[in-house]
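> I would like the atomic coordinates for the input below:
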Amino acid sequence: MGAAAPVTVLHAGGCHCGRVRFEVTAPAEITVAECNCSICAKAGFLHLIVRKSDFRLLQGEESLATYTFNTGTAKHVFCKVCGIKSFYVPRSHPDGFSVNARCLDPGTVDRMEVRPFDGVNWESSVKEKKWSD
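Down below sits the predicted model:
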């Protein structure tokens, strides 16, 4: 007998001003990555990586702006009104999303484990599969 599959729930979240809202299907007990790269460290982003099919933008597409740098692979989207980056398309998972666990509404996360990720040394960290799954 294998381990039981994690219980998944529908989490809701959004930006500070409420113009951007989304839903994400993910476990009730989540593991997130705390990256030390320049943008994540300054923003305080806690990465919850999800498949594209598990993410749904409910409102606010017109309020989003996109910022790219370095390789241009990551699509850092943020609310043009309040400046909060509640999710984005990460370089590590360009076919999915990274949701900022700090932008999830209270009440659906039962437990959160935070794992450090060395984004300063991104290439070697990704090769060593140090990113949270």
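
> So in that sheet, which strands flank the helix or strand hosting Ala33, and in what orientation?
Using DSSP states H and E, Ala33 sits in strand 29-35. Note on strand 29-35: by DSSP bridges, its sheet partners are strand 46-51 (antiparallel), strand 111-117 (parallel).

> tell me the mean pLDDT for the shortest one?
Read it as strand 46-51. Computed over strand 46-51, the mean pLDDT rounds to 96.

> And the next helix or strand past that strand?
strand 55-59.

> Report the distance from that following strand to the chain centre.
Centroid separation for strand 55-59 versus its chain: 13 Å, with C-alpha atoms, centre = their mean, to the nearest Å.

> got a list of contacts for the next helix-or-strand element following it?
Sequence-wise, the next helix or strand downstream of strand 55-59 (DSSP H and E) is strand 64-67. Residues from elsewhere that reach strand 64-67 (C-beta atoms under 8 Å, 6 or more residues apart in numbering): 20, 75-80. For the C-beta atoms, the positions are set from N, CA and C on the backbone; glycine is no exception.

> strand partners of strand 64-67, parallel vs antiparallel please.
strand 75-79 (antiparallel).

> now the angle from the partner strand to strand 55-59?
For strand 75-79 against strand 55-59, the angle by axes from the mean of the first three to the mean of the last three C-alpha atoms, to 10 degrees is 30 degrees.

> Buried residues, strand 75-79. List them.
For strand 75-79, the neighbour count (16 or more other C-beta atoms under 10 Å) marks 76-79 as buried.

> Just send those back as JSON lines, with pLDDT and distance to Ser63 too.
JSON lines is the format used below for those (pLDDT from 0 to 100; distance: C-beta to C-beta, whole Å):
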{"residue": "His76", "pLDDT": "92", "distance to Ser63": "15"}
{"residue": "Val77", "pLDDT": "95", "distance to Ser63": "10"}
{"residue": "Phe78", "pLDDT": "96", "distance to Ser63": "9"}
{"residue": "Cys79", "pLDDT": "98", "distance to Ser63": "5"}
